[in-house]
Structure formats: C-alpha cells, structure tokens
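Engineer: Please work out how this folds:
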Amino acid sequence: MPFSKLRKKTRPEPPPEPPPEAAQLNLDRPTAEEIYEQVSRNARHELDRSAIALAISGLAGGITMGLTALSVSIVMGTLGASTTSRFIAQLFYPMGFIAVIVGRAQLFTENTLYPVALMFAERRHVWTTLRLWAIVLPSNLLGAFLFSILAVRTGALRTEFVSAMVELGLQAANEPGAHIFWSGVIGGWIIALVAWLVSGSHSITGSVMLIWLLTFLVGLGHFAHCIASSGEILAAVLDHRVATLQYFAWLLPAVLGNITGGVLIVTLLEYGQVKGGEDEGHGFPRG
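Structural biologist: You can find the predicted model right below:
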C-alpha cells in the first residue's frame, strides 16, 4: 500500500461539531437553582482550604483592595476636589473589587454570601464559616494596613495623592455610627449581590461589567465597606489625622452593617428563592 494512502487512512477523524441547539443552550441564562449550586460549590472549596492558604489569600485581597483608594486618590489629586472630578474619580472605584474578585483572592464581604448560603442548607458548616470569617477578616484588614503604609510612609505617592487619600479617610471616619452601619448594610448587600451575579456569569468580560456597574454605585453613594474604606481611613491614621480608636469605632458598625446586608438581604432572599420554590415543587424558570 502506498505510504500516502496509509497516512490518509490512519489520520484521526476530527471530532464532530456540536449541534447548534447545544451551543445555544450554553448561552441560556442560568436558573436561580443553577446559580445557587455554583455558589455552594464555591463555598465548599473555600471552606476546605487550609488556614494558611486563606490567610495568604486574604492578605493579598486586602492589599489589592488598595487599588480602589489608590485609583480614586490619584484622579482627585490630579483633577482637584470639584464635584465633577469627584464623580470622575468614582468611576475608578471598582478597580480593587475587579482585581480581587476576578483574581479569586479572599474578600470578607464576598464571604457573607458563599458559605452562609451553604450553611443555611447544611447546618454543619456553621463553625467552618465562623473559622473562615475569623481568618479572612483580620488578614484583609492587615493587607489594607500594609497598603496604607506603602501609600503614606514610603514616599511612593506624590503629596497631592496622599492628601486626597487622607481626606477620603477623614470624611469616612467622621460619619455618625448609625450612618456607618446602615450605609454598610447597603454596601454589604451590593457586594454580596455582585458575588451572586458573578456566579451566574458566562464570561470574564460579563463578570467585569457586573462588578464595575455595582461597585461604582458603592463608591458613588459613599457606602461603608469594611475593607475598601479601611485603606483610606488607615492612611489618615498613619498621617495622624484620625485616632486609632476612631478607626476601630468606625470599623465595628461597618463590619456589622456589611454582614447584615450580605447575609439577610441577599443570602436569605436568594436561598428562599431557590429552596422555597423547590419545597413547593415549582420549577425554576429561566426568565
């Protein structure tokens, strides 16, 4: 048999192309149940990670969230403190959230959705969820503190950028406690909603757009976020414009508000949407 015929005969056949209906099915909007299952898978993965892995990821997340304070401060330091420049600056507020969420670093406010949603379905995850929070929150805050040292104490930033960051921290720290808590509820609700919607996204581009749109609202509304705002307030602490105790007086209602918003407003509603319909024997429409 000629060699050319042998080559032709032994060449593997290309795999058949999927039918158009199958390709279209992959583009369908996921149901609430499918998003919940993805959230549960994410939660199981995070809860199974070692303490050192969570701490390192949380530290990286806290440092990376500094991109939010850095971006806003650079724009404000460059354009000034007018109303227009402040609005433009808030367009860059999502930078830290995009980097952390797409990069899969640990962010405390995301974890008010993933493990809590699983905990409602499987009660045995209560202690592992508390363990996750006890590791991620301090490591996020330590990361924010390290970012603030880099920004304020090393000379890495121009003076006008540092001044803008310190002013942002000063404004946030001087809000009344009740306002911090309730704005933290809204901030926690939005960030947990981001985590839910990203779990149902088909692409990184779609995820980035969802993160940008919703976290831009957090920045524009000046809603308290216990990690993003910590970078700014700790910069003010290091610049001796805010007392250390004042920072912790801000942090407590901010954390409680973020937890309340994430857990009660998003997780309970989404859990009820999925499991409530399941218990009643209803389907989960794609609309």
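Engineer: Which parts of the stretch 1-150 of the chain are helices?
Structural biologist: Secondary structure of the stretch 1-150 of the chain (DSSP state H, counting those that start in this stretch): helices located at 3-10, 20-25, 32-47, 51-64, 66-79, 83-90, 95-102, 114-121, 126-153.
Engineer: mind checking which of those is nearest residue 218?
Structural biologist: Residue 218 lies closest, by C-beta to C-beta, to one member of these: helix 95-102, at 8.2 Å. From N, CA and C alone the C-beta is placed, and that goes for glycine too.
Engineer: Pull out the buried positions in the closest one.
Structural biologist: 95-101 (16 or more other C-beta atoms under 10 Å).
Engineer: quick one, what contacts residue 98?
Structural biologist: Taking C-beta atoms under 8 Å, 6 or more residues apart in numbering as the contact definition, residue 98 lies against 208, 211-212, 215.
Engineer: ok, the residues you listed vs residue 247, which is closest?
Structural biologist: Closest to residue 247, out of all of these and judged by C-beta to C-beta, is residue 215, at 22.4 Å.
Engineer: Could you check how many residues crowd around that closest one?
Structural biologist: 26 (other C-beta atoms under 10 Å).
Engineer: how close does it sit to residue 173?
Structural biologist: From residue 215 across to residue 173, the span is 21 Å (C-beta to C-beta, to the nearest Å).
Engineer: quick one: secondary structure of the residue nearest to residue 101 when sequence neighbours are not counted?
Structural biologist: Using C-beta to C-beta, 6 or more residues apart in numbering and skipping residues adjacent in sequence, the residue nearest residue 101 is residue 211, 5.6 Å away. Secondary structure, DSSP: H, G, I helix; E, B strand; the rest coil: residue 211 is helix.
Engineer: list the contacts for residue 211?
Structural biologist: Residue 211 neighbours (C-beta under 8 Å, 6+ apart): 94, 97-98, 101-102, 194, 198.
Engineer: Can you lay out these as a markdown table showing pLDDT and distance to residue 178?
Structural biologist: Converted to a markdown table, these look like this (pLDDT from 0 to 100; distance: C-beta to C-beta, whole Å):
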| residue | pLDDT | distance to residue 178 |
| --- | --- | --- |
| 94 | 97 | 27 |
| 97 | 97 | 25 |
| 98 | 97 | 31 |
| 101 | 95 | 29 |
| 102 | 94 | 34 |
| 194 | 94 | 25 |
| 198 | 92 | 31 |
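Engineer: Adding distance to residue 246, write these out as a markdown table.
Structural biologist: Converted to a markdown table, the contacts of residue 211 look like this (distance: C-beta to C-beta, whole Å):
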| residue | distance to residue 246 |
| --- | --- |
| 94 | 27 |
| 97 | 25 |
| 98 | 30 |
| 101 | 29 |
| 102 | 33 |
| 194 | 29 |
| 198 | 34 |
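Engineer: What's the local residue count around residue 138?
Structural biologist: Neighbours around residue 138, by other C-beta under 10 Å: 15.
Engineer: next one: residue 64
Structural biologist: A count of nearby residues for residue 64, using other C-beta under 10 Å, gives 24.
Engineer: do the same with residue 139
Structural biologist: 23.
Engineer: Nearest spatial neighbour of it, chain-adjacent residues omitted?
Structural biologist: Nearest one to residue 139, counting by C-beta to C-beta, 6+ apart, is residue 58 at 3.1 Å.
Engineer: any idea of the pLDDT on the one you found?
Structural biologist: Residue 58 is assigned 96 on the pLDDT scale.
Engineer: Ok, residue 111 next?
Structural biologist: Reported pLDDT for residue 111: 85.
Engineer: Would you agree it is in contact with residue 132?
Structural biologist: Yes. Using C-beta atoms under 8 Å, residue 111 is in contact with residue 132, at 5.9 Å.
Engineer: which one of the two has more residues nearby?
Structural biologist: Neighbours were tallied for residue 111 and for residue 132 using other C-beta under 10 Å; the higher tally belongs to residue 111 (27 against 24).
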